[in-house]
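K.L.:
Quick one, fold the following:
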Amino acid sequence: MRIGVMVCHCGNNIAATVDCEAVAAAAREFPDVVFATDHMYACSDPGQKTIEQTIRDLKLDGVVVASCSPRMHEVTFRRAVERAGLNRYMFEMANIREHVAWISLDRKRNTEKATDLVRMAVEKLRYDRPLTAKSFEVQKRVLIVGAGVAGIQAALDCAEGGLDVLLVERKQAIGGVMSKLDKTFPTVDCSVCVLGPKMVDVGQHPRITLHTLSEVEELSGYVGNFEVKIRKKSPFVDWNKCTGCGACLEKCPSRKVPDSFNERISMTTAITIPFPQAIPKRAAIDPTVCRQFTKGKCGVCQKVCPADAIDYTMQDEVVTEKVGAVIVATGIDLFDHTKYGEYGGGRYPDVITSLQYERMLSASGPTAGHIKRPSDGQEPKTVVFISCVGSRDRSVDRPYCSNFCCMYTAKQAILTRDHIPDSRAYVFYMDIRATGKGYEEFVRRAQEEYEVQYIRGRVAQIYPKAGPTNGPGGGQLVVRGADTLMGTQVEIAADLVVLAVGAESSKGAPALAEKLRISYDAYGFFLESHPKLRPVETNTVGVFLAGACQAPKDIPASVAQASAAAGKVLALLSKDKLESDPQIAQVQTIRCIGCGKCERTCPFGAIRMRELRDGSKRAEVVETVCQGCGICSVTCPVRAIQLAHFTDSQLLAEVNALCRTWDETTGS
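P.N.:
Numbers count the residues shown, from 1 in each chain. Modelled structure (predicted):
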């Protein structure tokens, strides 16, 4: 075998603490190595051309590159060796940057360790064998889970690109959190005026099939050929007949149901249409509060419906669809502010959340755009905003920043002064994080033009002001906090307190991640494959992320990531056929005892038990589903499963190379 080795300097990233020339010189003495050199930037165009030319000139059978992490440039180098005529899997990469140069300043020991890693890579390469990918046809359809602004944007981009789209939303109507907002920052334009046309486009687009009141129940298959089961919950209204006239809402006797769309600050009926611009604008019954379901008698809505659309006997329906890719855009939920006992813990009606305040500001909200105290309906003259409620606070297990709270607080303070010109607005903040385009100027506008008073410090307590409710200052709340810039305690008598609650992962996100076989962090946000190079991809090929389901982000960032995910899907499904990765598990049937442990432990469902003619069972790998994680290989008690390109022989060759080095060093 003829092997070539290239050691990369990576500028000074490696060369500063590793003697790259010495590593290359040592590599020339390794078995089967006929060429070894060092290069300033192996991943650069000149570096790749050097690799290609050396392969051709010296008729190399394999190549080792010692450089950065394989996650960065393994694909780059595999393509280079393939262009020179080698099989792409006759290549090995030794990580001497992250594993050596960046973790120690001892140049001598780093050089020795780098040499050992190159030796191990060479030994593994000697046992490598060419692998060939298989091709398979793909479904030109995409599933998008979640129909907030990110899901809507991704759906429209994919549909305009020629793909059929299945858009699944668990709520009754699409739009997500953005549909609840009054205005958006920093332009202070109408939120639903921006979102509404896109919602209508989704509802009318011939390539988009919309499933609301629906959830993904199961996902199986592999990239290009996923099979998804969608549970469509019964609205107890035939949406093919319903015209959205609202006659049922007017006559429904159950009128004391907390309105979830209005964040429970108003009441609605048991049968509802969430908001005037809802898509689809169809009624749905909540069986947990409807008298027909709870008491067995009522039926008013069925009697008054002119379209005869009410059907109390409707059942949930499970539909099965085939798709080629999945975009997850499940968005966020808001932190439960009642966990803060010092802020009332939900006991004080005049302490509300920022989203409740948005509904109050909205013309389509419960107060028709008028700011009123929930306790008595009076117009507040002093409004206090408290930032970082459920953000940057380890005591409630939310150490992260929610990204957009500083900006929507500034927006709401401005709108408060617009709605009530003689009001006063105070903002308690930790730090102001206004990093987007026009954001800093927007905050300054709130401070200077609208005279919003910003106080740097945390609020320690909120409590009712003493005195009769209708007397001077009666019914007010005292907000006690610190002004860290002045070094003093502050007390403000407030008519209304607005808590800028932080973002947290959507309810059910971990369970959905399990169904989709993707990773999530400690807080339930989905994990991207690589934070810089693959920010919209996941560890499961064919599943992509869009919007705030990955991490808290504002509307522009969510829309941008949604278009990025759609672009990835369009690129993926632009081909009629895809290639599977041959680095997968392989079963040696003659050694398999049919115990089934591999089937039970496979996280991707890639192993099934096949019954032979004699009735015995043997494991079988579904090649297109296998992700090459290797769990089955280490689980098998009889070592009947080997992972291609990472066989026992190849791994032991690396270990033996390291042990021989240790023996030579110690003289044992």
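
K.L.:
so R417 sits right up against V452, yeah?
P.N.:
Yes: R417 lies in contact with V452 (Cβ atoms under 8 Å); the separation is 7.1 Å. All C-beta spots, glycine's among them, are computed from the backbone N, C-alpha and C.

K.L.:
Do a quick rundown of the strands in the stretch 1-150 of the chain.
P.N.:
3-8, 33-39, 62-67, 91-95, 135-137, 141-145 (DSSP state E, counting those that start in this stretch).

K.L.:
coming back round to it: okay, and the common contacts of R417 and V452?
P.N.:
A425 (Cβ atoms under 8 Å, 6 or more residues apart in numbering).

K.L.:
More neighbours: which of these two?
P.N.:
In this view R417 and V452 are compared by other Cβ atoms under 10 Å, and V452 has more residues nearby, 23 against 18.

K.L.:
Now do the more buried one, the pLDDT please.
P.N.:
Each residue has a pLDDT score; the one for V452 is 97.

K.L.:
Roughly how far does it sit from K198?
P.N.:
Per Cβ to Cβ, to the nearest Å, V452 is found 32 Å from K198.

K.L.:
One more: R109?
P.N.:
Taking Cβ to Cβ, one finds R109 at 58 Å from K198.

K.L.:
Neighbour count: the two, which is higher?
P.N.:
K198 (19 against 13).

K.L.:
where does the more buried one land in three-state SS?
P.N.:
helix (DSSP: H, G, I helix; E, B strand; the rest coil).

K.L.:
Just list the residues touching it, thanks.
P.N.:
K198 neighbours (Cβ under 8 Å, 6+ apart): 149, 152-153, 156.

K.L.:
Adding secondary structure and neighbour count, write those residues out as CSV.
P.N.:
Listed next are the contacts of K198 as CSV, based on DSSP: H, G, I helix; E, B strand; the rest coil; neighbours: other Cβ atoms under 10 Å:
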residue, secondary structure, neighbour count
V149, helix, 29
I152, helix, 30
Q153, helix, 25
L156, helix, 21
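
K.L.:
nearest to L545, of the residues you listed?
P.N.:
Proximity of these to L545 (Cβ to Cβ) peaks at Q153, which lies at 13.3 Å.

K.L.:
ok, the closest residue to the closest one other than its chain neighbours - contacts?
P.N.:
Closest residue to Q153 apart from its sequence neighbours, by Cβ to Cβ, 6 or more residues apart in numbering: A562 at 3.9 Å. Taking Cβ under 8 Å, 6+ apart as the contact definition, A562 lies against 149-154, 157, 327, 329, 546-547.

K.L.:
out of those residues, which are inside helices?
P.N.:
In helices, judged by DSSP state H, the following of those are found: 149-154, 157.

K.L.:
From these, pick the one nearest D554.
P.N.:
Of the ones in helices among the contacts of A562, the one sitting nearest to D554 (Cβ to Cβ) turns out to be V149, at 10.1 Å.

K.L.:
what about the helices in the stretch 201-350 of the chain?
P.N.:
For the stretch 201-350 of the chain, helices defined by DSSP state H, counting those that start in this stretch occupy the ranges 247-251, 291-294, 300-304.

K.L.:
out of those helices, nearest to A644?
P.N.:
Using Cβ to Cβ, the nearest of those to A644 is helix 291-294, at 55.8 Å.

K.L.:
before we move on, back to that, dump the helices of the stretch 201-350 of the chain into CSV; add distance to A283, mean pLDDT and mean neighbour count as well.
P.N.:
As requested, the helices of the stretch 201-350 of the chain are exported to CSV (distance: least, Cβ to Cβ, whole Å; pLDDT from 0 to 100; neighbours: other Cβ atoms under 10 Å):
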stretch, distance to A283, mean pLDDT, mean neighbour count
helix 247-251, 6, 95, 17
helix 291-294, 14, 94, 16
helix 300-304, 8, 95, 17
